[in-house]
Every structure is written in structure tokens, then in C-alpha cells.
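Undergrad: Model the following, please.
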Amino acid sequence: MKRTLLGLLAGSILAGPVLSSPPLGLPPVPIPEDNPLTEAKIRLGERLFHDARFSADGKVSCATCHDSRKAFTDNLPVSRGFMGKTGTRNAPTVLNAAYMETLFWDGREPDLEGQSKQPFINPVEGGLRNHEPILATIRQDEAYRKAFREVFGVSPTDISMDHVAKAIASFERTLVSGNSPFDRWRYGGEKDAMTPQQLRGFRLFTGKARCVSCHVVEQTQALFTDNRFHNIGVGFKRIQGKEMQTAAAFLKAKRAGADVDKTVLTQANMSELGRFAVTENLTEVGAFKTPTLRNVELTAPYMHDGSLETLEEVVEFYNNGGRLKPTDPLSPFLSGGIRPLDLTDEEKADLVAFLKALTSPDLDRFAHK
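TA: Prediction:
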């Protein structure tokens, strides 16, 4: 059971980025019954989110890969963790992650609480062997001891990673952004909020280009994701002809006790298995979660591996039916809706212009102080 941010805060506005109602274009934020939002918990979560001591070299925090100055991404193809180590996945924005039904590109965690625990102990992210150094740091920090006592009513010795995760997740649930030109046009009645080119792009988005099939727009709100998983052809070349061999090797390692989170971030070929790593369903080889398109202008590069540098490349990739060039091979696991679009150069430009109309105007309010 979940409540909503709107229901929880009805009639009051908390300090900082917490709103008493969702921004234009978005639904109320779902809140877990076992992790209600409080102002103190949000403040604690923000501090934990930015604390670089929770990594092997003392230089990496959640905010390293999810920087508020970069729309909560890092603008790198794949993220750099402790000692500059790199993994295999692009850092998705945390903005509006509160609406995601699963977390990570392959959906291996069902909620923000579960997701927040993993990067600390990944060998190419936080680099810690386990969570104990985090708890030790917190228990020795007077400000943290006081905050955890206030928020959770626990003594220092009883502080757990569940408490840490709940605080971080609470902060992340306040990172919601709408009010884009598109929102003002569609949901706010501002007829001139989008340019004529952006309006043409929206017609393509919902029509000829068929983007709306996965990046959902509804009558009263738009998450720009279906929260589902699709194989659109990204990363296919890496394991072309080796799909079954790679899948078999992954399953063997998983049966032997290999951690999925660590495996997909350290084994490049296995990373391309996508949702299969979670479900073990062969129909989901190479399928990755549909990301939100909100603020997509600010979150380059794109795709789960950061392989497409610009929105123009993304549109070209889809226009060619799941490949950058029409002569490139197609994945045999390609989702059914991925096929050539036959867009003209003008239509491609219009579509890119529309995507830029999804940028929220006030992201600086999230800047960490």
C-alpha cells in the first residue's frame, strides 16, 4: 500500500523542494506506507546522498553520478566510481525516479530503498566490501547520531542500512520536475508555450514516429515511460552471434552465487543481456527499461550504455529501425515495434525540437547547498 506526496502534505508546504502538490504534468508521488515522508528525514537523506565518505576512496557519493548541476546525471557514457573505475551503464537521472515501478536499467530492484543500497558495495562504484564502514561512519558522527535518533527513534548501535536507504529514498522522492513548455501547453492551456516546430514534433511523437507507444502521454499527466522493457537494438553488436553463449555463461555464474548488480557492471558482454539477467526469460535478452524523456535535453549521452551522444543520433537510430546505419545488422531479439520510420530531415528536426520542450525551467531549485 502506498500513500501519495499530495495526500501526505495536503494543506502544508515543507521547506526546500517538497511541494504540497505535484508539478504540472505529473501525478501525485507514491509514498510507501512503511516509509512516510518527513521534513527531517528528507534533510537527512539529502546529506547521506552527498556524503563521499561512503566509498572506498572517500571521493564518491550518490551525487557523483547524479549531480544536481547536471539534471541528476553525470553526462558521461558510463559512470566513474571510486579510483576512476568505470562500469558498463549510463547513469539515468534521479529526477522523477519516484514514479519508476522498478529501478536500474534492467529493473532488478523494485523501489528506491532497494536501489540505494547497491552502489556503495559495487566494485566499480563505491568499492566497499560491505555496508559496515558506512554504519561505522554514521555512528561516530554526532550530527548523524542526532538526526537518526530524531527521524527513526534509534540509538547509534541500532542504526541500520534500512534506515539509511529509507532516508535517501525519501530525499529522492522530492526530486520531481514538470512545468515544462509541453506541460504548460497540454495541461496548462498556454497555447503559445510551445513553438510551431515543437507542435509539429509532438504530432510526429504521437503519430508517424510512434514514440508515444513506449514514452506514454496521458490526458491528465505524462511520465513519458511505460515502465516496461524493450529491446531496441542498442548494444547488439557487442554480443552479436554470442547471445545464447553469453546468456548461458551468465546463468552459470548466477547459479554459482554471482551478484547480478556486480556482474552487469563489470562484465561488458553480460551487461548487454538486459532484463534477462533478472527474469531469465530469453524473450527479454537485450531488453532495457524505457527511460523518462523529461529533461532529456540535459541528460546526454543516451541509452543504457551511453552510446548515442546527441538527440539527433537517437532520432536517427530509431528512424533506421534500431541501428545507426541502415546497413548495420539487426538484433534477432528486437522488440516488435522497432522498425524504420521513414522520417524526412525536417521531421527529424521537428522531433528533436519537441524533445527539448520537455525541459523543466526551474531545476536550479534542487541545487545542493
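
Undergrad: From here on, just use CA atoms for contacts and neighbour counts.
TA: Noted.

Undergrad: Let me see the contact set for residue 276.
TA: Applying CA atoms under 8 Å, 6 or more residues apart in numbering, we find residue 276 in contact with 106, 282-287.

Undergrad: let's see it at 10 Å
TA: By CA atoms under 10 Å, 6 or more residues apart in numbering, the contact list for residue 276 reads 106, 247, 250-251, 270, 282-288.

Undergrad: Now for residue 334, how many residues are close by?
TA: A count of neighbours around residue 334, defined by other CA atoms under 10 Å, yields 22.

Undergrad: My error: substitute residue 157 in the last question.
TA: 11.

Undergrad: going forward, begin numbering at 29 instead of 1
TA: Sounds good: first residue 29 from here, last item residue 185.

Undergrad: Report whether the expected contact of it with residue 160 is present.
TA: No - taking contact to mean CA atoms under 10 Å, the distance of 11.8 Å between residue 185 and residue 160 leaves them out of contact.

Undergrad: shared neighbours of those two, which are they?
TA: Taking CA under 10 Å, 6+ apart as the contact definition, residue 185 and residue 160 share the neighbouring residues residue 166.

Undergrad: thought residue 358 was touching residue 269?
TA: No - distance between residue 358 and residue 269: 11.2 Å, which falls outside the contact criterion (CA under 10 Å).

Undergrad: tell me which helix or strand of the chain sits lowest on mean pLDDT?
TA: Of all helical and strand segments in the chain, the minimum by mean pLDDT, DSSP states H and E falls on helix 33-37, at a mean of 43.

Undergrad: Report the strands that pair with the next helix or strand after that one, each with its relative direction.
TA: Taking DSSP states H and E as the definition, the helix or strand that follows helix 33-37 towards the C-terminus is strand 58-60. The strands beside strand 58-60 in its sheet (DSSP bridges) come out as strand 30-32 (antiparallel).

Undergrad: Tell me which residues touch residue 125, please.
TA: Taking CA under 10 Å, 6+ apart as the criterion, residue 125 is in contact with 57, 131, 139-140, 197, 200-204, 319-320.

Undergrad: What values do phi and psi take at it?
TA: Note on residue 125: backbone dihedrals following degrees, to the nearest 10 are phi -60, psi -20.

Undergrad: just residue 370 next, same as before
TA: phi 60, psi 40.

Undergrad: which ones are touching it?
TA: If you count contacts by CA under 10 Å, 6+ apart, residue 370 has them with 236-237, 344, 346-349, 376.

Undergrad: do the same with residue 229
TA: Contact partners of residue 229, counting by CA under 10 Å, 6+ apart, are 223, 235, 237, 374-383, 385.

Undergrad: Which of those residues sits closest to residue 86?
TA: Nearest to residue 86 among these, counting by CA to CA, is residue 383 at 37.3 Å.

Undergrad: Got the phi and psi for the closest one?
TA: The phi and psi values for residue 383, taken as degrees, to the nearest 10, are phi -60, psi -30.

Undergrad: Next one: it, what pLDDT does it get?
TA: The score at residue 383 is 98. That number is its pLDDT.

Undergrad: so how far is residue 209 from it?
TA: Per CA to CA, to the nearest Å, residue 383 is found 10 Å from residue 209.

Undergrad: Who has more neighbours out of the two?
TA: Under the criterion of other CA under 10 Å, the comparison of residue 383 against residue 209 puts residue 209 first, with 24 against 20.
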